[in-house]
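Participant: just to be clear, the model below is a prediction. Sequence and coordinates:
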Amino acid sequence: MLRTRFLFLAVAVTSLFALPCTAGTITFGPYPDFAGWVYQTSSITLPTMFDATVHIPLDGTIHITVPDRITVRVTRAVPVFVPSYVRIKIFGDPQIEDPLSFFDIYAQDLDPVNPGTRLTGFNATNPELIPLTAETFIGVSGTEYPAPVQAVYLADLPFVVPDFDLSAFAGGSPTSIVYLAGPGNIPLRDVPEPTTLGLLVLGGLAVMRRKRT
């Protein structure tokens, strides 16, 4: 599955003040990346978009906008929904550690009228949607960052990504398969630097500091 994602990261820090020391990896999501019907074809590129405001501990926010695309084969018409997730390592006062790690889950939408509320996987023996090549993320420098893609039985998904909010899959078929793409690991030095929004890239670290308002 060839997936090219041009990464634009805008960071906005609000309600700024000094933070006590915190540490850990936090997974944010799901966020809607793609929703819609796809129809039978040997190859199609889906226009997808990661666009979310991520709330870090103690009310800081990072706004991430990631236009992206994926090429797949579709064996029969199917409503598709792609929830996206991002893992961020946080420590210090606070600091964000390299890299930002992006994930997508390609799934079938059981309720297209209310996208993303009830999800399942694709038919395991004759899947409606099939990735064609690997996923690729592209940083601001043009460097490509490959991300693995794997088919996972829905019953196994909570064990593969135990830190993900998978509540939308609660009514899905455990014997169906979803496609888990990621991690797409983007070093912070290779994201656009929003100079007016307080992102400092220092030797591979993006340091967000809140100032007292």
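Facilitator: The structure has been received and is ready for your questions. Residues are numbered from 1 along each chain as shown.
Participant: OK, contacts around residue 53?
Facilitator: 61-64 (CB atoms under 8 Å, 6 or more residues apart in numbering). For the C-beta atoms, the positions are set from N, CA and C on the backbone; glycine is no exception.
Participant: beta partners of it?
Facilitator: Taking DSSP bridges as the rule, residue 53 bridges to residue 63.
Participant: do you know how far it is from residue 31?
Facilitator: 9 Å (CB to CB, to the nearest Å).
Participant: please apply the same query to residue 24.
Facilitator: Going from residue 24 to residue 31 by CB to CB gives 20 Å.
Participant: what's the answer for residue 70, then?
Facilitator: 16 Å.
Participant: quick one, which of these two is more surrounded?
Facilitator: residue 70 (28 against 20; other CB atoms under 10 Å).
Participant: correct me if wrong, but the more buried one is in a strand.
Facilitator: Yes. Secondary structure of residue 70 (DSSP: H, G, I helix; E, B strand; the rest coil): part of a strand.
Participant: tell me how far it lies from residue 38.
Facilitator: On the measure of CB to CB, residue 70 and residue 38 end up 11 Å apart.
Participant: what about residue 78, how many residues nearby?
Facilitator: Residue 78: 18 neighbours (other CB under 10 Å).
Participant: residues in contact with the closest residue to it other than its chain neighbours?
Facilitator: Spatially, and ignoring its direct neighbours in sequence, residue 78 is nearest to residue 128 (3.9 Å; CB to CB, 6 or more residues apart in numbering). Residues in contact with residue 128 (CB under 8 Å, 6+ apart) are 74-78, 108, 122.
Participant: nearest residue to residue 104 other than its sequence neighbours?
Facilitator: residue 181 (4.5 Å).
Participant: any idea of the mean pLDDT for the host helix or strand of that neighbour?
Facilitator: Using DSSP states H and E, residue 181 sits within strand 177-186. Taken as a whole, strand 177-186 has a mean pLDDT of 92.
Participant: return the set of buried residues in that strand.
Facilitator: 177-184, 186 (16 or more other CB atoms under 10 Å).
Participant: let's see the pLDDT reported for residue 125.
Facilitator: 97.
Participant: what of residue 66?
Facilitator: pLDDT, residue 66: 66.
Participant: sorry, back to before: in strands only, show me the contacts of residue 128.
Facilitator: Applying DSSP state E to the contacts of residue 128, the entries found in strands are 74, 78, 108.
Participant: which of the residues you listed sits closest to residue 85?
Facilitator: Of all the ones in strands among the contacts of residue 128, residue 85 sits closest to residue 108, with 18.1 Å by CB to CB.
Participant: in contact with that closest one, which residues?
Facilitator: By CB under 8 Å, 6+ apart, the contact set of residue 108 is 78-81, 119-122, 128-129, 176.
Participant: repeat for residue 112
Facilitator: Residues in contact with residue 112 (CB under 8 Å, 6+ apart) are 35-37, 79.
Participant: before we move on, what about residue 177?
Facilitator: Residue 177 touches 121-124, 127, 151-154, counting by CB under 8 Å, 6+ apart.
Participant: farthest pair within those?
Facilitator: With CB to CB as the measure, no two of the contacts of residue 177 lie farther apart than 123 and 152, at 14.3 Å.
Participant: can you say which of the contacts of residue 53 are buried?
Facilitator: Going by neighbour count (16+ other CB under 10 Å), the contacts of residue 53 have 62, 64 buried.
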